[in-house]
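A.B. asks: Provided below are the primary sequence and the corresponding predicted coordinates.
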Amino acid sequence: MAFFEQRLPGRIERGASVRLCNRGRSKAYTVSGKLRQVFSWASQLHEFNVSPGINSLTDYEALRAMWYVVNFTPYEGFRFRHLADYQATLTNTTVVSLGGGSYQLYRRYTVAGINFDRKITKPNSDAVVCDSGGTPLTATISTVTGIVTSVSGGTPAKWTGTFDVPVTFSDEAFPENLEASGGSTLVLTQAVNLEELRQ
């Protein structure tokens, strides 16, 4: 199934609430009360509620149009910008070799010298790969997969630019309330949730 390489209007993204999820974690308590945890997922999933970003009929129309296009054209999902985490810099990224001269872009999170690398599959056209010293390299970067090819001038180690999250609508229903007052209709949406896609 095709992926819709488009984003919602920025005003809707700015109002979204975000949750980071690890549904692969299971917990159990022993008879003495000790917590035992098993982590079966290697990576996170983002969840977004975009309803807080709907402040006008224009916003509502844009969100509903995306729901129709994704569900009935249909598309696997679309791009979404997490405005608290969309910038790649030389200090928060890494590039991992896939072999055969190809590389994958990653966003890096570090605490006390321990790294977690999150695969980025939806970079934007401003992405640039650099060597370990921060010198930009000539390369082809797929904005569809985050894979780097045709590199010349050195070995990719870092990258800069912006990126999006691949998402789809979590629910099969599009909730809405319509209230008529004084000859006008006010559209109030309930929670419209998006979930990150594994790619």
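C.D. replies: Perfect, thanks for sending it.

A.B. asks: give me every residue that touches Ile120.
C.D. replies: Taking CB atoms under 8 Å, 6 or more residues apart in numbering as the definition of contact, the neighbours of Ile120 are Ala88, Gln104, Leu105, Tyr106, Arg107, Gly146, Phe163. Every C-beta, even on glycine, is put in place using the N, C-alpha and C of the backbone.

A.B. asks: Please name the nearest non-neighbouring residue to the fourth one.
C.D. replies: Think Tyr106. On the basis of CB to CB, 6 or more residues apart in numbering, the spatially nearest residue to Tyr106 that is not a chain neighbour turns out to be Asp117, at 4.2 Å.

A.B. asks: In a strand, the one you found, correct?
C.D. replies: Yes: applying DSSP: H, G, I helix; E, B strand; the rest coil, one finds Asp117 inside a strand.

A.B. asks: if we can go back for a sec, if you rank the contacts of Ile120 by neighbours, which is first?
C.D. replies: Neighbour counts for the contacts of Ile120 (other CB atoms under 10 Å) peak at Leu105, which has 29 neighbours.

A.B. asks: Now do that residue, the pLDDT please.
C.D. replies: Among the per-residue scores, Leu105 shows a pLDDT of 98.

A.B. asks: Point out the other elements, helices or strands, that the host helix or strand of it touches.
C.D. replies: Taking DSSP states H and E as the definition, one finds Leu105 inside strand 102-111. Secondary structure elements in contact with strand 102-111, counted by 3 or more CB pairs under 8 Å, 6 or more residues apart in numbering; DSSP states H and E, are strand 93-99, strand 114-119, strand 147-152.

A.B. asks: if we go to 10 Å?
C.D. replies: Other helices and strands packing on strand 102-111, by 3 or more CB pairs under 10 Å, 6 or more residues apart in numbering; DSSP states H and E, are strand 87-88, strand 93-99, strand 114-119, strand 138-141, strand 147-152, strand 158-162.

A.B. asks: can you pull up the bridge partners for the closest residue in space to Asp85 that isn't next to it in sequence?
C.D. replies: Distances taken as CB to CB, 6+ apart place Arg107 nearest to Asp85, at 7.6 Å, with adjacent residues excluded. Note on Arg107: beta-bridge partners Thr93, Arg118, judged by DSSP bridges.

A.B. asks: Look up how far Thr168 lies from Arg107.
C.D. replies: Taking CB to CB, to the nearest Å as the criterion, Arg107 is separated from Thr168 by 21 Å.

A.B. asks: With Glu179 instead?
C.D. replies: From Glu179 over to Thr168 (counting by CB to CB), the distance is 29 Å.

A.B. asks: These two - which one has more neighbours?
C.D. replies: Neighbours around Glu179 and Thr168, counted as other CB under 10 Å, are more numerous at Thr168. The numbers are 18 against 9.

A.B. asks: What residues are bridge-paired with the more buried one?
C.D. replies: According to DSSP bridges, beta-bridge pairing links Thr168 with Glu195.
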